[in-house]
Structures are given as C-alpha cells and as structure tokens.
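J.: got a sequence here, can you model it:
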Amino acid sequence: MSRSARTVIARATGATVAVSRLWPGRADRLIIAPHDLRTADATRAAEIYAGRFVFAGKIVTCHGRSIFDLEPPSEDWEVALLGFGWLRHLRAADTALTRANARSLVDDWISNPGRRRPLERRPDVLARRVISLLSQAPLVLGDTDGKFYRKYLRGLTREIRYLRYTTLDISDGVPRLQVLIALCYASLCLANQARNIRSATRRLSDELLRQILPDGGHISRNPGALVELLSDLLPLRQTFAARNIAPPPALLNAIDRMMPMLRFFRHGDGSFALFNGMSNAPSDLVATLLAYDDTHGVPMSNMPHTGFQRLDAGTTTVIIDTGPPPPPNVSQEAHAGCLSFELSSGPSRIVVNCGMPSTGRDNWRTFARSTAAHSTLTYHDTSSCQFVELSAMKKLLQGAPVVSGPANVESYREAVTDGDLLTTSHDGYLGRFGAVHRRVLMISHDGARLDGEDTVSPAPGGRIKGAENDFALRFHLHPAVKASRLSDARGVMLVLPNRDVWTFEALDDKVDLEDSVFLAGNDGPRRTAQIVIRQDSRHASSIRWSFSRSSTSAATTNTRRNARREPELPL
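T.: Now for the predicted structure:
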C-alpha cells in the first residue's frame, strides 16, 4: 500500500515536472564534467556512425531513421540505449566526425520529448542517463555554439528534475543509491546549486551508511553491486575535490571499506565469485577500480557482516557463502546458495556456481537462483530459499524477493594441525523438512588438498519430516575444466587449462558426472559438467569428499587411491 501511494504521488507530480519547463532554472551553466571510469572502445564509434547499435548481444540498424523511434529487440538493449553510456565510445574516438555524431544523437533525443517510452523514466535508467550526459558533456559541447549549449542544458535540467521526483518511488538497494549518486553529481556539476549540494550529500551519506555494511559488502550480498557502485563513487570523490569541497566522510569511509571487499571476491584469474546475481565483471574495469586502492593488501579471510568466508593456501582459493539471504526489500536478485563455495587454483577456476547471465536474465532467472545451480547440497530437490512466484506479486514488489530461507547460519574457523578448518551449518530446510545442513571444509597448508564433509541431520531433539529423505551434493565445474570419471566410479579426474591435474574423490559414494551450464561467460551461457553425489539420509546422513592436486594419469591415480585410506576430518 505504501508503494502504491508513492506511485500515485509520483505520477501526479509528473504534470508539475512538465509545467516546470516553462520557468527557467537557476542552473545556467556547467562547471565541471565528472570522469568516466568505464571502459570505452573507439572501434565502436564507427558502428554507431554507420547506424548500427550493438547492445546486450543485439544489433539494431537505423537505415536512416532515428534510433529512438525503432522498436527495441530486448529490454536490456533498450536500457543500454536510453542510459547513453555508449557516448563514451564516441569520446574515445575523439574526432570531429564522432563529436558531430554525438551532438546529433543527443539533439535528436532532446528535441523530441513527446516520443518517450515507459522504460526511460525507470529510476536507474534515468540516473545512468543523467550521469552520462554530465560526464560526456565535453564531447557533445566541444565544438558547439551557444544556442545548442543552452538547449543541452535545458534538456539536462529537465532530466534532473524528473530524477528528483523518482525518489518518491524507487526500488531499494543499488537503484536507490544510483539515483542519489546522480543527483549528487548534478548538484556538483551545475552552477548555483549550493543548497542542492548540501541536501544531496546528506541523503547520499545516509544511504551509504545503511547499504554499505561495516565489512564493505553491499546489503544485497551481490559482489556485482561493488563494481557498479565503485565505478560511480570513485569519480564522485574526485568531483568533490575538483570543486574544492570536502567529500562527505560517509563517502570516503564507504570506498575504504568496499575496496578490500572487492579483492575478497576475486579468484586468481581476476574473475569474481558467482553469488547472489553476480555475472561476469569486465576485467579492465575491475583493474581500473583496483588501481585506486592504495593499500594493495591481501584479502581478509572473514566478512562476518556480509556473510562470506575465504580460505587461501598456496595458490588455492576457496570462497564460501556463510550468510543468510539479504532483507526481502533488497533480495530480488538473491540466490538460494547458502554454504555453496567456489574453488580455484592459480589462474584456473575449478568449482563454480552457475552465476547469472549479463543479458537475457529472465530466461534463466528461476534456475540460476535455485540451490541446484550452486555447488552445495540440495535436499529433496528443493531450494533452501523460497521466492515470490505469482506474477502479479512479482510486478507489485518489482521482482521476486526471498520470502523464506536460512535464518540461522553458523560458521566457525580454526587452525588445526593439517591446515585451516571451517565448520558451517544452515537451517534453510528445517521448517519444511526438519533437516539441518552441516558442511565442514579443511584446506591443507600448501593448498594441495581440500577435504569436505556434508551432513544432513535433524535439529537437536527433533526429527526429519516425511518419508522422502533424498539429497544431492553438486559441484559445478568451470567450462575450461576437462572432467573424466575414474574407473571405480568414485572419483573424477580434472584437467585444468594450464595442464594441472586435480582429482575429486568420494570415500563411500558413487560419483556421477552430469551436464550443467555456466551462465556467467563473456559469450553467454556455456555447457559444462557437474559432479553429483546422490544419497538418502535414512541410509547415510553424510558424504565425505576431497579435491587434491595431482600430476599423474587417471590409471595411476586409481591405483594409488585404492591403496590408501582417506584421512579423517577433525570434528
């Protein structure tokens, strides 16, 4: 009801926004243009000049018509077009031709306000467009006259006024921060905005304190949120300095906390762990962001507020989700991946979660958010979280938030004789099935071995409900890993791209090698494999397994495996 009321107010004030264009604003000139950290490709400027707009894997050719009059092939494509981020490619080319092309396209947009689409007023799209028009102003205004300058400024201030009204009805989380960041940019870049600078800074500070947790993670628990926000917050800090205005402490503190968290989620190849809606992150953008990190420190091992653990030994890295789902109002992209982990060795990822594609998410969203799409235990083919399923409710809540999931997630780590031991558990299956999932991981000091044990058990004093007690343990493999099952059907040989060999082994259980899909690839979804162990808790409540680095063939590994006894995990 509250959201509906805000929507009515926002629509009612839309008339006020339109009428306000009859009165000149106090913003009579641009003072500064913020820096754009996102990667630009000068070769794409030629495509845009030729009338070919390539966004989100789709191509639209103008054939002499206005690109803003054509039907978009997908929502992702339209978001990219209306965000005007493509202006950076024209600026990268930096020729008189590309400057004229940019000015023509912006003029086309500003001169025809009557052909608007609903998506263009979506707060995050509008915020991105305002930031783009501010940061690319030198490109558009470089060779222009005073008449177009005034026209550009009128169009920009019109967009900013709309943006101020969108704060009445905006999704929580990253979109809300993006709007406040854009308003802060606008107040700093335009003249005569002293009052707006104070109000925008105060609102942004309050939101940063709420959304950026003490350990530097975002409240949504999505690693991708850090990349998106830092790409705008770092230039914003520079913009304050360029105006000789002290950046707010909340902004500086947020950046200082987020930088170590950015390193925390990175594997040896620079890619990010795939949790809670994370897709592939542009490596060049991440490298640019990390260049602003003065500490260059080793990632911390425990992020208690966001709910993640990291095990590092030698060249081996394990990143584990040990937190409950985020609050419902920021859980539209959250995944049911509690206690899932990713494993990498040097520059090679071995075990991954399926992740989320960067485009066409609606086609994969249901599967990608399920527990089965993560490297963890799935009880009775059910996810550990439940999501809103009715389409009407999804629209009302602007997504499908988590409505139930693990409430009590425990993790405890200690140094033991053979390595580092992490003991975790969650109760996501307790209410429906009376079952608790417990996972124990131990990494050796040299990183050559990762031992694990997964257990399904009732809560103290309780019992598991129902007659069906089946569960499955899944380890999704990166597409670059070549997997072949060992002859005794209790192990899998894994050959990495750098020719290193790892072996997965289960002590008492049959191992299956099944098809899977890796959704977070640069070139879209890719087929891959997953290691699956199925069991019934009435017969065996736990599964013991290990990943170990090897340099031998599958036949030799089989022989050695049969001759040795598996080590016990300390409990």
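J.: okay, CA-based contacts and neighbour counts for the rest of this
T.: Noted.
J.: name the residues of the helix or strand residue 224 falls within that are buried.
T.: Secondary structure assigned from DSSP states H and E places residue 224 in helix 223-242. For helix 223-242, the neighbour count (16 or more other Cα atoms under 10 Å) marks 223-227, 229-237, 239-240 as buried.
J.: how far away is residue 371 from residue 473?
T.: From residue 371 over to residue 473 the distance is 10 Å, taken as Cα to Cα, to the nearest Å.
J.: try residue 419
T.: Counting by Cα to Cα, the gap from residue 419 to residue 473 is 24 Å.
J.: tell me which of these two has more neighbours.
T.: residue 473 (20 against 16; other Cα atoms under 10 Å).
J.: if that one is in a bridge, with which residues?
T.: Residue 473 has the following beta-bridge partners by DSSP bridges: residue 377, residue 533.
J.: kindly report the same for residue 435.
T.: Under DSSP bridges, the beta-bridge partners of residue 435 are residue 458.
J.: that one touches residue 457, doesn't it?
T.: Yes: assessed by Cα atoms under 8 Å, residue 435 is found in contact with residue 457 at 5.5 Å.
J.: who has more neighbours out of those two?
T.: Each of residue 435 and residue 457 has its neighbours counted (other Cα under 10 Å); residue 435 has more, 24 against 18.
J.: residues contacting the more buried one?
T.: 427, 429, 456, 457, 458, 459, 463, 464, 465 (Cα atoms under 8 Å, 6 or more residues apart in numbering).
J.: now do the helix or strand harbouring residue 77, average pLDDT.
T.: According to DSSP H and E, residue 77 maps onto helix 75-83. For helix 75-83, the mean per-residue pLDDT is 92.
J.: buried sites along it?
T.: 76, 77, 78, 79, 80, 81, 82, 83.
J.: against residue 308, how distant is the most centrally placed residue in the chain?
T.: Note on the chain: the residue nearest the mean C-alpha position is residue 224, at 2.6 Å, using Cα atoms, centre = their mean. According to Cα to Cα, residue 224 stands 15 Å off from residue 308.
J.: can you check residue 319 too?
T.: Note on residue 319: its distance to residue 308, by Cα to Cα, is 7 Å.
J.: please apply the same query to residue 219.
T.: According to Cα to Cα, residue 219 stands 13 Å off from residue 308.
J.: surely residue 71 is in a helix?
T.: No: counting by DSSP: H, G, I helix; E, B strand; the rest coil, one finds residue 71 to be coil, located in no helix.
J.: returning to what we had before: any idea which of the buried residues of helix 223-242 is closest to residue 30?
T.: Distance to residue 30, by Cα to Cα, is smallest for residue 239 among the buried residues of helix 223-242, at 13.0 Å.
J.: in contact with the closest one, which residues?
T.: Contacts of residue 239 by Cα under 8 Å, 6+ apart are 32, 34, 35, 185, 188.
J.: same deal with residue 515?
T.: Here residue 515 is in contact with 527, 528, 529, 530 (criterion: Cα under 8 Å, 6+ apart).
J.: next one: the helix holding residue 224 to chain centre, how far?
T.: On the basis of Cα atoms, centre = their mean, to the nearest Å, helix 223-242 sits 16 Å off its chain's mean C-alpha point.
J.: following that helix, which helix or strand comes up?
T.: Next along from helix 223-242, by DSSP H and E: helix 249-264.
J.: and that next one, C-alpha only, in PDB?
T.: The C-alpha coordinates for helix 249-264 follow below in PDB (Å, rounded to 0.1, in the frame of the first residue of the first chain):
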ATOM      1  CA  PRO A 249      33.000  11.200   5.500                       C
ATOM      2  CA  ALA A 250      30.400   8.600   4.700                       C
ATOM      3  CA  LEU A 251      31.600   8.500   1.100                       C
ATOM      4  CA  LEU A 252      35.200   8.200   2.000                       C
ATOM      5  CA  ASN A 253      34.600   5.500   4.600                       C
ATOM      6  CA  ALA A 254      32.300   3.500   2.200                       C
ATOM      7  CA  ILE A 255      35.100   3.500  -0.500                       C
ATOM      8  CA  ASP A 256      37.700   2.500   2.000                       C
ATOM      9  CA  ARG A 257      35.600  -0.500   3.200                       C
ATOM     10  CA  MET A 258      34.500  -1.600  -0.300                       C
ATOM     11  CA  MET A 259      38.000  -1.800  -1.800                       C
ATOM     12  CA  PRO A 260      39.100  -4.800   0.400                       C
ATOM     13  CA  MET A 261      35.800  -6.500  -0.300                       C
ATOM     14  CA  LEU A 262      36.400  -6.100  -4.000                       C
ATOM     15  CA  ARG A 263      39.600  -8.100  -3.500                       C
ATOM     16  CA  PHE A 264      37.900 -10.600  -1.300                       C
END
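J.: in that helix, what counts as buried?
T.: In helix 249-264, counting by 16+ other Cα under 10 Å, buried: 250-251, 254-264.
J.: okay, the angle between it and helix 223-242?
T.: Taking axes from the mean of the first three to the mean of the last three Cα atoms, to 10 degrees, one finds helix 249-264 and helix 223-242 inclined to each other by 140 degrees.
J.: check which helices and strands helix 249-264 sits against.
T.: Packing contacts for helix 249-264, counted by 3 or more Cα pairs under 8 Å, 6 or more residues apart in numbering; DSSP states H and E, involve helix 194-211, helix 223-242.
J.: residue 170 is nearest to which of those helices?
T.: Closest among the helices and strands packed on helix 249-264, using Cα to Cα: helix 194-211, at 13.2 Å.
J.: who touches that closest one?
T.: Under Cα under 8 Å, 6+ apart, the answer for helix 194-211 is 173, 177, 180-181, 183-184, 187-188, 218-219, 248-251, 254.
J.: how about 10 Å then?
T.: For helix 194-211, the surrounding residues in contact (Cα atoms under 10 Å, 6 or more residues apart in numbering) are 172-174, 176-190, 217-220, 245, 247-255, 330.
J.: check contacts around residue 462.
T.: 430, 434, 435.
J.: these into CSV, with extra columns for pLDDT?
T.: Below are the contacts of residue 462 laid out as CSV (pLDDT from 0 to 100):
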residue, pLDDT
430, 91
434, 89
435, 90
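J.: quick one: low-confidence ranges for the stretch 1-150 of the chain?
T.: Filtered on pLDDT under 70, the stretch 1-150 of the chain yields the residue ranges 1-28, 113-116.
J.: same thing with the chain?
T.: Applying pLDDT under 70 to the chain picks out residues 1-28, 113-116, 167-169, 295-298, 389-399, 467, 551-571.
J.: in this structure residue 357 contacts residue 367, no?
T.: No: applying Cα atoms under 10 Å as the test, residue 357 and residue 367 come out as separate, 11.4 Å apart.
J.: what helix or strand is residue 522 on?
T.: Residue-wise, residue 522 maps onto no helix or strand under DSSP H and E.
J.: which non-adjacent residue is nearest it?
T.: Nearest residue to residue 522 in three dimensions, chain neighbours excluded: residue 280, at 6.5 Å (Cα to Cα, 6 or more residues apart in numbering).
J.: alright, calling it a day.
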